[in-house]
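take a look and give me a structure for this.
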Amino acid sequence: MKTENKYLAILILVALAVFFVNLDAIFINIMEARNFITAREMITDNNWIFTTMNAEPRYEKPPLPTWLTAISMMIFGMESLFGLRLPSAIMALILVVFTFKFLLKISKNLQLSFLAGLIATTSFYILFSGRDGQWDIYTHSFMMLAIYCLYQLFNQKSNWYLYASLSGFFMACSFLSKGPVSLYALFLPFLIAYGVIYKFKGTGSRWKAIALILLIAVVGGGWWNLYVYLFDTHAVTEITTQETGRWLNYNVRPFYYYWSFFVQSGLWTIPSFVALLYPYLKDRVSNKKAYKFTILWTLASVLLLSVIPEKKSRYLLPVLIPMAMNTAFYIEYLFIYFKSLKLKESVIVYFNFGLIAFIGCVFPIAGYFYFKDMLNDILIWYILSSISLFGIGFLMFRNLKLKRIRVVFYLSIAFLVSVIWFGLPMAKKINVNPNYSSIVKVDQYLKKYDAPLFEFQAFTPEMIWEYGKPIPVLAPNEKLKKPGLDQFLLLSDKPYADSLQNSFNTYKIKKIDSVNMNPVGTKHKDRLYRDLYLLDKKD
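A predicted model of the protein is given here:
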């Protein structure tokens, strides 16, 4: 086996350990619920093109990730959280593999590229996105594939049209995953960095192949938007207006909001920060030109995202891709020179990895006091977590003392894998809400009263997902649309309780039950709570 393939095989094994184990350990969140509902309605209602959520048009997001999730749903079943999240995990695996392969093309440095792949795999938001049924990981993974093929086109002497076709195809897939998000946040910064550092040398003679990329990307990425616009113009126009308003007015943050973007790398926060200190590292890296390229790509991505008024932490996912490559330069430098570093230069390394080791060593004691009231339910996982984390922490301290930074780095990755393997199963057991009651129980009242069910004002995606089918919403647009029935059931959350009587003043309203789907007992969200009312027409 070639050395490159050995490194790649190890990287894939680590990615499998990080992205694919205990995928069903965490409760479904609101974003996942929206996506899974759309996938389910694709199957049950055959809405493969005109996508819906709770039987209402959902054109905010293109359908490719939903198609892939629906296919996985048909294979593994609608109740399998592992099956629902599996496509995201596969896309995360693809992302880290091509992060490795791309940097290898740029730097011709196998160890550096391997380090970048490992850092990408274990960077917090890449890890989170790869284990979560959201669509960000799809759009950026496909775009990374497009970038890799484009680089091949720029630098290979043959097969231009093959690489152009592949690049255009993957770019179209990125468009069909989340519109132009990755084009703006990952691809455009790549072009800026590549143009500044590598000057697009030799690309002029490839203009026909580049034109082919644009043609495939525009046609392949835009056909769905055009199709739904032509055949459901009113809904598309309404949704587009709402989405545009959100980009300008929703979650608006100041320009400097992303100044701490490197924190999103989690385990590698401090090394990522140091790697961004260009004056310090520029003469210490193994490939100065490639280092300039990755740091410029990273900063260009942050800058472009900072210009957009709407800002969320998860939007930083594309930044973590070039930043993983950039951080690898610093880790490689430590591998080679750490034993000879002066104290003032090495103290931050001791702090970073020492903190991880400290957490591992104190976990058995801290975990006992935190989990002592529920140890009976999680005993086996607590023991396994304690043994593995304490052992890793101890070995990290020992190897830090011996200045074996290479071993310490790999132990840090083992630390994270241990948390995923042995720590996540405890999440199912701790802080479970003793008052939890599923929305499914309303079916007994549907049978009892033989009356239809509605939601008042708005629906909660997690509840619709749990319920298994759409619930019509009685929401006031210009005027509240009342069902015109003598009797019906209505779900309403607490903030709307006062307006309920005013909205249905021709009905007798009786509360008959409540639904509380807050999964954690210590946290209450009103949107996961509903009162169930029976409404009877007054004589």
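
and the protein, what are its domain boundaries?
3-246+257-337, 341-428, 439-537 (automatic domain parsing).

how far is the second one from where the chain is centred?
The reference is to domain 341-428. 25 Å (CA atoms, centre = their mean, to the nearest Å).

average pLDDT across that domain?
For domain 341-428, mean pLDDT rounds to 93.

ends of that domain, what's the gap?
45 Å (CA to CA, to the nearest Å).

for the last one, same thing?
Using CA to CA, the end-to-end distance of domain 439-537 comes out at 25 Å.

distance from that domain to the middle of the chain?
The answer for domain 439-537 is 31 Å, by CA atoms, centre = their mean.

got the buried residues for stretch 453-468?
Neighbour counts over stretch 453-468 (16 or more other CB atoms under 10 Å) mark 453-457, 459-467 as buried. C-betas here are computed from N, CA, C, even on glycine.

any idea which of the domains of the chain scores lowest on pLDDT?
domain 439-537 (a mean of 86).

just to revisit the earlier point, out of the buried residues of stretch 453-468, who's nearest residue 398?
residue 462 (45.5 Å; CB to CB).

and the closest one, that one's in a helix?
Yes - membership of residue 462 in a helix is supported by DSSP: H, G, I helix; E, B strand; the rest coil.

tell me which element the residue nearest the centre of the chain is part of?
Against the mean C-alpha coordinate of the chain, by CA atoms, centre = their mean, the closest residue is residue 129 at 2.3 Å. Assigned by DSSP states H and E, residue 129 belongs to helix 124-130.

would you mark the buried spots in that helix?
So helix 124-130, judged by 16+ other CB under 10 Å, has buried residues 124, 125, 126, 127, 128, 129, 130.

contacting residues for the second one?
Applying CB atoms under 8 Å, 6 or more residues apart in numbering, one finds that residue 125 lies in contact with 264, 265, 266, 313, 314, 316, 317, 320.

what number of residues lie near the closest residue to the last one other than its chain neighbours?
The shortest distance from residue 320 to any residue that is not its chain neighbour, by CB to CB, 6 or more residues apart in numbering, is 4.8 Å, and that residue is residue 123. As a burial measure, residue 123 scores 27 neighbours (other CB atoms under 10 Å).

pretty sure residue 123 sits against residue 325.
No - using CB atoms under 8 Å, residue 123 makes no contact with residue 325, being 11.1 Å away.

which parts of stretch 96-112 are buried?
96-104, 106-107, 109-112.

now, the most widely separated pair of the residues you listed?
Counting by CB to CB, the most remote pair of these is 98 and 111, 17.8 Å apart.

need the contact list for the residue nearest to the residue nearest to the centre of the chain when sequence neighbours are not counted.
Distances taken as CB to CB, 6+ apart place residue 137 nearest to residue 129, at 4.1 Å, with adjacent residues excluded. Residue 137 makes contact with 88, 91, 92, 95, 126, 129, 130, 317, according to CB under 8 Å, 6+ apart.

hmm, try it at 10 Å
Contacts for residue 137 (CB atoms under 10 Å, 6 or more residues apart in numbering) come out as 19, 65, 87-92, 94-95, 125-126, 128-131, 177-178, 317.
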